[in-house]
Structures are given as C-alpha cells and as structure tokens.
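Undergrad: just need the structure, nothing else, for what follows:
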Amino acid sequence: MKRQFGFGISVYPNVNDDQDMLRVSEYIKAAAKLEYGEVFSSLHLPELVYTQSLNEIQCLGVLVREYGMDFALDISGEMLENILQNRSLSSIMKNIPISHLRLDYGYSLNQIKEAVDKFGIKGFMLNASVLSEWEIKLMVTQLKAYDKSIHFKACHNFYPRPETGLSLDFMIKRSLQYKPYGIPVTACVNSTTNPRMPLKMGLPTVEEHRNKGIEAATMSLLATEAVDAILIGDSFASENELLAVSQRCLGKPVPLHIELETNICDLERKIIFGGVHHSRPDVAACSIRSQTSRQMASIGIYVPKGNIKQRSRYSVTIDNEEYLRYSGELHIITKELPADERVNVVGHIKPKDYYKIDFASPGMDFYFIT
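TA: Presented below is the predicted three-dimensional model:
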C-alpha cells in the first residue's frame, strides 16, 4: 500500500494587515478541497495585543473546524503563563477549538498540566528542532503518566532569516528521535510566490530548500523517510503550490516531461504514453524500473532493436527484443551507463523535472508528458 503523508497550511493573525477573514476563509476552503488536514497559527507574535489576537485566533479556530480540519496553535511559555494567570484570557482560550498546542520554548511541565486542566487541551506539538532525546522521553513519560489521553506530534521550526535554517542531515537526526515513541514529525516548506512579511524570504525548516520550488522541497523531505507531514510555513501559497504539496503527500502520480528521440517506433510510444507507470518498490542501483511497462506492450510482441547509445543520467530507455522476456521494460536511468545492444534510448527527462527523479520514492507512480 502506498504511504500517504499529512499536510497543512499556515495562517497568522495580524491586526496591521489587510488579510481579512474573507481572504482567510477562501484560502482555507481551497486547501480543504485539496484534502489539507491542518491549519497552523501562532500566538508567538510580540506585536499583537493579547486580547485582540486571542479573539482573532478564536474566530480562526472556529472557521477551521467548520471545514473539518485540525487547528494547531504555536505558543511560547511566557505567553502561555500570561494566559493561564488571566481569567479573561483563559476564558477565551478555553473556547478555541485547539487540536494541538505547539510548545515553542520557555514552558514548564506544570504549565502544560495546567493547560490540560483549564483548557481541556489533550494534543501537544513538540518542537522537533530543539528537543534532545532525553527531553522528549521526560516530556512524554511524565505527561502520559499525568493523563493517558494526552497525545503528541512534533513540528520543526521554520526560519524567516536566510542562512539560519537547519541542514538536511540535522533535521533528519532530530526527526528520528521521535520514531521510538510513534510521534509523527512535521517539517516546513516555504512559498516562493507569496513569502511572508516582513523579510519575505520564505519560512522553510531546511535552509537548502529556501530557494527551491515547493514541490522540490516537499519531495526532498518525504524522501528522507524521517518526516511524516508537510506544513507550508507561509500564508497564502498559490493554487499551484497548494496542489503540488497535496499531490505529493497523497502519493498521486508524478508528471514527468520527456523529450523524445526522433526515431522511436509506435510500440515504444505506446509503452511510454500508455498510462501510469508504477516503479518497483525494490529500488535498482542504476535506474527507476517501471513495473507496468511490459504490460503496456502487446503480449508476445517484442520491441525492435533501435536507438543504441550511451545511457546518460535521466535518460529513458526501453529494453529491446535482444533482452528476451525483459523486452518492453522501461527504465529511467539514475547513474551513467554505457551503451547496451539490448537497450534502446527513447528519450530524456527535461531538466526542470530532474528533482523528481532525484527524490523519487520506492513504488512511485509516474506518467510522461511532452
């Protein structure tokens, strides 16, 4: 069975901006149609007035729940303490439909226990970027002992300032700490079409993703097998960006632009464009193998020997009649290989889609377009 991943969007209250509730509502509605399951917001915004921001967050939380999505709220220990100690603020907080409260920094276990008792919050999102293994164990053990119904997620930070994001290796190392506890981990990708103010440099978790497209960043994170969900850190990603994240997280077939060789035969075209290809789950060292390509060729008809040449990386090949029962099998080459009399080179993946090959997952479905 193909693995699917969680994915969410972010919306932030800002009393000085013109992002009215209509725009927010339309954005959440568009995301819900694409099966986004979570909306993330933050109270860790020093420029906001507590009461006004909490009221906005309450309206946002109600709206999110109307669309059947989870609502995650980021908060610092200082702000949580201020709310806990203020009866009026606590009353507002109690009425916000929070699925998970993300604990950013500066909080104590006693504060969390009090939030459970006062606000009825049972879901907590740990900061995956900063907690050590022993801190995770302590947090999970003590809170589970306090209330068995408490459940956890982990979410990495995003980094507005360039050059401050995590390295991919460090992100993976931190994320793997949660696997023994069965805690799913979320990492953030940024919108390049509508980056958040004031720096407008994107909100990624991993620094190398900052200037990549959102689809490439998403595929890179999912390929690590250390991440269970993707969060778009910036508000108001474009329709294409929303669609790209949704399709990759749901495991939809990946479109690959191909430039064909000029002398391929009709049978080769049928194999290339005959439908969706399913790559084998046992990943070959030198290629992505289509498990379904031989089924696209007519039974008993062998592919004639054709374009024999060096197989460069990102070449698309089809085994010819000299490969006997393998005739008709399609490969996307991932390592430079010499020419083989048994293998026809039929085309090449276009450069704009190289990343889709680099981050291909075992069993990935894909199809070709020209």
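Undergrad: and Pro198, how far from Arg342?
TA: 59 Å (CB to CB, to the nearest Å). C-beta: built from backbone N, CA, C; applies to glycine.
Undergrad: neighbour-wise, which of these two wins?
TA: Arg342 (15 against 6; other CB atoms under 10 Å).
Undergrad: contact partners for that one?
TA: Arg342 makes contact with 319-320, 322-323, 326 under the criterion CB atoms under 8 Å, 6 or more residues apart in numbering.
Undergrad: Lys148 too?
TA: Contacts of Lys148 (CB under 8 Å, 6+ apart): none.
Undergrad: which SS class is it?
TA: Of the three states, Lys148 takes coil under DSSP: H, G, I helix; E, B strand; the rest coil.
Undergrad: pLDDT score for it?
TA: We have a pLDDT of 95 for Lys148.
Undergrad: check Val15 too.
TA: 45.
Undergrad: please apply the same query to Ser10.
TA: 97.
Undergrad: any idea what it is bridged to?
TA: Counting by DSSP bridges, Ser10 is bridged to Phe40.
Undergrad: surely it meets Phe236?
TA: No: assessed by CB atoms under 8 Å, Ser10 is found out of contact with Phe236, at 9.2 Å.
Undergrad: do a quick rundown of the strands in the stretch 251-370 of the chain.
TA: Under the criterion DSSP state E, counting those that start in this stretch, the stretch 251-370 of the chain contains strands at 254-260, 277-278, 287-289, 315-319, 330-333, 343-349, 365-369.
Undergrad: now the first one against strand 343-349, angle please.
TA: Computed with axes from the mean of the first three to the mean of the last three CA atoms, to 10 degrees, the direction of strand 254-260 lies at 110 degrees from that of strand 343-349.
Undergrad: what's strand 254-260 packed up against?
TA: helix 266-273, strand 343-349, helix 354-358, strand 365-369 (3 or more CB pairs under 8 Å, 6 or more residues apart in numbering; DSSP states H and E).
Undergrad: returning to what we had before: got a winner among the contacts of Arg342 for most neighbours?
TA: Going by other CB under 10 Å, Asn320 tops these with 24 neighbours.
Undergrad: now do the contacts for it.
TA: So Asn320 contacts 302-306, 327, 342-344 (CB under 8 Å, 6+ apart).
Undergrad: tell me what the least confident helix or strand in the chain by mean pLDDT is packed against?
TA: Across the helices and strands of the chain, mean confidence by mean pLDDT, DSSP states H and E is lowest for helix 293-296: a mean of 76. Applying 3+ CB pairs under 8 Å, 6+ apart, one finds that helix 293-296 contacts helix 266-273.
Undergrad: give me the buried entries from the contacts of Asn320.
TA: Neighbour-count burial within the contacts of Asn320 applies to 302-303, 306, 327, 343-344; the criterion is 16 or more other CB atoms under 10 Å.
Undergrad: next, count neighbours for the nearest residue to Glu38 once chain neighbours are set aside.
TA: Excluding the flanking residues, the one nearest Glu38 by CB to CB, 6 or more residues apart in numbering is Gly8, at 3.3 Å. Other residues lying near Gly8 total 23 when counted by other CB under 10 Å.
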